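>>> sequence unknown, structure follows:
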């Protein structure tokens with residue numbers, strides 16, 4: 001159990017360090033180029049160990065993969081666009097409303113309305129943040145939240161048609177193909193620098209490959225509710241590594257708002273029955 005907990009925390013740390021590294025390169029490469037590099041490098045690294053079976057696939061297989069890849073690619077692009085405009089900790093906090101909304105929708109207890117109110121208070125408090133947020137950044141973060149919710153809902157379906165990491169590999173390949181033309185048109189001179197590719201490799205490894213492997217191993221022995229509670233600390237981890245790596249500081253009201261969303265996520269996890277699914281447990285494929 002302890003080993004699985006450390007694996008889950010390690011996954012969270014990898015994702016947030018990867019996000020901070022990506023944002024550090026935004027002034028040079030831009031969020032779109034970094035999203036492409038993440039998808040491309042993630043696909044190349046994963047395909048070394050995972051060989052997706054493409055032959056003999058039926059219509060249902062491809063439709064499920066299309067929905068999965070669409071949610072994943074849009075989620076990553078919109079998240080990178082959001083964190084290029086607002087602090088990473090706040091972008092993750094807003095985005096986390098997606099899994100929280102799915103968890104609340106699956107809940108049936110009236111007492112869970114308390115967590116709805118708490119999350120709503122946190123979001124309202126973010127609106128009073130002095131100068132930390134922009135409407136464009138909020139919009140992209142909400143789009144990422146909606147895609148994350150869609151990703152969670154479609155993951156069980158794609159899991160019935162694609163085994164293991166096959167869907168993750170295909171989704172990353174799809175993201176790389178979709179973005180390659182605009183990235184080459186707008187960022188071709190930047191991609192001529194080897195250090196940009198090295199950073200993209202690090203982001204792909206930290207944000208895609210390592211988290212997937214760690215979470216998959218952890219979920220073999222870790223109770224799913226414990227896993228979900230651990231995942232709820234992501235906004236705080238995002239803010240911590242953004243502070244360490246990028247020097248991003250949050251106002252006291254931002255911290256309180258983040259704490260409200262985290263508490264709401266933990267609360268809905270704890271009060272949910274053992275037979276209920278919590279949205280965060282479905283994050284076995286890839287996260288923003």
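That came through fine. Please read all numbers here as calculations on a predicted model, not as lab measurements. Numbering: from 1, shown residues only.

>>> by mean pLDDT, which helix or strand of the chain comes out lowest?
In the chain, the helix or strand scored least confidently by mean pLDDT, DSSP states H and E is helix 224-231, which has a mean of 76.

>>> what is the subsequent helix or strand relative to that helix?
Using DSSP states H and E, the helix or strand that follows helix 224-231 towards the C-terminus is helix 234-246.

>>> need the helices for the stretch 151-288 of the chain, in chain order.
Along the stretch 151-288 of the chain, counting by DSSP state H, counting those that start in this stretch, helices occupy 166-187, 194-204, 210-218, 224-231, 234-246, 252-271.

>>> which strands and helices lie in contact with the least confident helix or strand of the chain?
Where contact means 3 or more CB pairs under 8 Å, 6 or more residues apart in numbering; DSSP states H and E, helix 224-231 is packed against helix 2-24, helix 252-271. Yep, even glycine has a C-beta here, placed from its N, CA and C like the rest.

>>> mean confidence (pLDDT) on the shortest one, please.
Within the predicted structure, the mean pLDDT of helix 252-271 is 83.

>>> by how many degrees do that helix and helix 224-231 diverge?
180 degrees (axes from the mean of the first three to the mean of the last three CA atoms, to 10 degrees).

>>> buried stuff in helix 252-271?
Neighbour counts over helix 252-271 (16 or more other CB atoms under 10 Å) mark 254, 257-262, 264-269 as buried.

>>> select, out of the helices of the stretch 151-288 of the chain, the one closest to residue 72.
helix 166-187 (4.6 Å; CB to CB).

>>> check the gap between residue 69 and residue 155 for me.
To residue 155, residue 69 is 12 Å away according to CB to CB, to the nearest Å.

>>> same thing with residue 173?
Separation of residue 173 from residue 155 (CB to CB) stands at 18 Å.

>>> so these two - more neighbours on which side?
Between residue 173 and residue 155, residue 155 has the larger neighbour count (other CB atoms under 10 Å), namely 22 against 19.

>>> the more buried one contacts residue 65, doesn't it?
No - using CB atoms under 8 Å, residue 155 is not in contact with residue 65; the gap is 11.4 Å.

>>> any stretches of this protein with poor pLDDT?
Counting by pLDDT under 70, the chain shows low-confidence ranges at 1, 107-112, 127-131, 272-288.

>>> gap between residue 13 and residue 254?
21 Å.

>>> with distance to residue 94 as extra columns, can I get the helices of the stretch 151-288 of the chain in CSV?
Listed next are the helices of the stretch 151-288 of the chain as CSV, based on distance: least, CB to CB, whole Å:
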stretch, distance to residue 94
helix 166-187, 22
helix 194-204, 21
helix 210-218, 20
helix 224-231, 16
helix 234-246, 9
helix 252-271, 8
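
>>> which one of those helices lies nearest to residue 134?
For residue 134, the closest of the helices of the stretch 151-288 of the chain is helix 252-271, at 13.9 Å, according to CB to CB.

>>> hey, what's the angle from the closest one to helix 234-246? Just curious.
Using the same axes, to 10 degrees: helix 252-271 against helix 234-246 is 140 degrees.

>>> just checking, what packs against helix 252-271?
Judged by 3+ CB pairs under 8 Å, 6+ apart, helix 252-271 is in contact with helix 88-95, helix 97-106, helix 113-127, helix 224-231, helix 234-246.

>>> same thing but at 6 Å, please
Packing partners of helix 252-271 (3 or more CB pairs under 6 Å, 6 or more residues apart in numbering; DSSP states H and E): helix 97-106, helix 113-127, helix 224-231.

>>> how about residues contacting it?
Contacts of helix 252-271 with the rest of the structure, by CB atoms under 6 Å, 6 or more residues apart in numbering, involve 93, 96, 100, 103-104, 112, 115, 118-119, 121-122, 125-126, 128-129, 132, 225, 228-229, 232, 235, 278.

>>> list phi and psi for residue 164.
Backbone torsions for residue 164, taken as degrees, to the nearest 10, come to phi 60, psi -130.

>>> measure how buried it is and give me the count.
For residue 164, the count of nearby residues is 14 (other CB under 10 Å).

>>> nearest residue to it other than its sequence neighbours?
Excluding its sequence neighbours, the residue lying closest to residue 164 (CB to CB, 6 or more residues apart in numbering) is residue 50, at 6.5 Å.

>>> same thing with residue 154?
Closest residue in space to residue 154, ignoring its immediate chain neighbours: residue 67 at 4.6 Å, by CB to CB, 6+ apart.

>>> name the helix or strand for that neighbour, please.
With DSSP H and E as the test, residue 67 turns up in helix 59-83.
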